[in-house]
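Engineer: Generate coordinates for the sequence data below:
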Amino acid sequence: MLFFIFCTSLLFAQNNNNLQLGKKKIKVFILSGQSNMVGWGEDSKLPNNLSDGDEHKLMFENGKWQKLKPFKPANKGQKRYGLTGNTFGPEISLAEEISKSYPNETIGIIKSSFGGTGILAWSPNWTKEQADRTNDGRKGDFYKVLIEKVKAAQKEAAIEIVGFLWQQGGKDMTKVSLGKEYFDNLKFLIKGLRNDLNIPNLPMFIGCSVSKETLNNIDNAQLEKIKKSRPGVEYVIRARFEAEEKIPNVKVVVTPNLEKHPKNVHYNTNGQLKLGEYYANAFLKFIDKK
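Structural biologist: This next block holds a predicted model:
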C-alpha cells in the first residue's frame, strides 16, 4: 500500500509560508496535459467545502503549498464561456475522493498544464524545432517547467509522489504523422519523468474518452467523419492502450459521457468533477491490486 493510515495526533511544523504542514509526507499527484486538465469548471457551482478548501487537501502554486481550491485568474477561456469567477480542473474532485478513502492523509496537487499543446512540448529532450510541429515552440519547454515546479514543491515540504495524471492528445490528433508517433513520444515522456523524479515505478494514469472496445466497434462512416477534423485520432487512442499493455504501471482511464460547455470540447463543471472522480477511482483500484 502506498498509504499507511494510522490514527494518532499529528505534530505540526510551520513552513515559511505560514501553512501548517504535518510531519507526515504529503501524498502528491502530478497533473499535466492540455485544456481539459487546465479546466473550465466554475467555482460558483461548487459546495463551500470544495470551493474554500482545507488543510488536508493542498496545491502547490506561486512557490508555496496552499489550500486546494479554484483560483485561476481571468483569461480568454473564461470570456469564451461567460465565466466570471475562478475555475478548476479535475484536481478538486480527485483530491476529495482520495481523501475520503484516506482521511488521515494530506493530499497534494502539483498541476502544470497548458491548453492546445502537443506532446512534443513536453518532450524530455525538448527542442523548439520539434515543438513547432504543433506550433508550440514559442510557448517554451513545458517539460522543464513541470520538473522545476515539482523540485520547488519538494523543497517546500516533505512529499511522496504517488501518481502522474496525463490528460492530453487532442493536438496530436490533428496530423497523421503526429498520431503515428504518439506511442513513442508518450513512452519517452514516461521514461523521462520516472528517471528525473527518481521514481522508476511511478504509476501513470492516461485519460481517454473512449474505450478500446468502443473504438474497435465504431461505425466506419462515423470514424471517417471524425478523421476529417482529426485525422490522427485513431493512432493517438490506440497508442494510449498500447502504453498500458507494454509499459509497467500505466493505466488508461476511460472517461465517457462527460458534460461539456456548449459547442465546444471543454468539460463544464459537472464534467470536470466527474473527470476527477474517474481518475480517483482508477488510482484506488490500482492501489488495491498492488
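Engineer: can you give me the strands for the stretch 51-200 of the chain?
Structural biologist: Secondary structure of the stretch 51-200 of the chain (DSSP state E, counting those that start in this stretch): strands at 57-61, 64-67, 87-88, 107-113, 159-167.
Engineer: between the last one and strand 57-61, how many degrees?
Structural biologist: Computed with axes from the mean of the first three to the mean of the last three C-alpha atoms, to 10 degrees, the direction of strand 159-167 lies at 80 degrees from that of strand 57-61.
Engineer: tell me the phi and psi of the one residue sitting closest to the centre of the chain?
Structural biologist: Note on the chain: the residue nearest the mean C-alpha position is L31, at 3.0 Å, using C-alpha atoms, centre = their mean. Main-chain dihedrals, L31, degrees, to the nearest 10: phi -120, psi 130.
Engineer: For K67, see how far away it is.
Structural biologist: Distance, L31 to K67, using C-beta to C-beta, to the nearest Å: 17 Å. For every residue, glycine as well, the C-beta is placed using N, CA and C.
Engineer: again, but for V252
Structural biologist: 31 Å.
Engineer: neighbour-wise, which of the two wins?
Structural biologist: V252 (20 against 14; other C-beta atoms under 10 Å).
Engineer: now the more buried one, nearest residue through space, not along the chain?
Structural biologist: E244 (4.7 Å; C-beta to C-beta, 6 or more residues apart in numbering).
Engineer: Flag the helix or strand of the protein with the lowest per-element mean pLDDT.
Structural biologist: Least confident helix or strand, the chain: strand 12-14 with a mean of 37, by mean pLDDT, DSSP states H and E.
Engineer: how about the helices in the stretch 101-250 of the chain?
Structural biologist: 128-131, 142-156, 176-196, 212-217, 220-227, 233-246 (DSSP state H, counting those that start in this stretch).
Engineer: What residues sit buried inside the first one?
Structural biologist: Taking 16 or more other C-beta atoms under 10 Å as the basis for neighbour counts, the residues of helix 128-131 that come out buried are Q130, A131.
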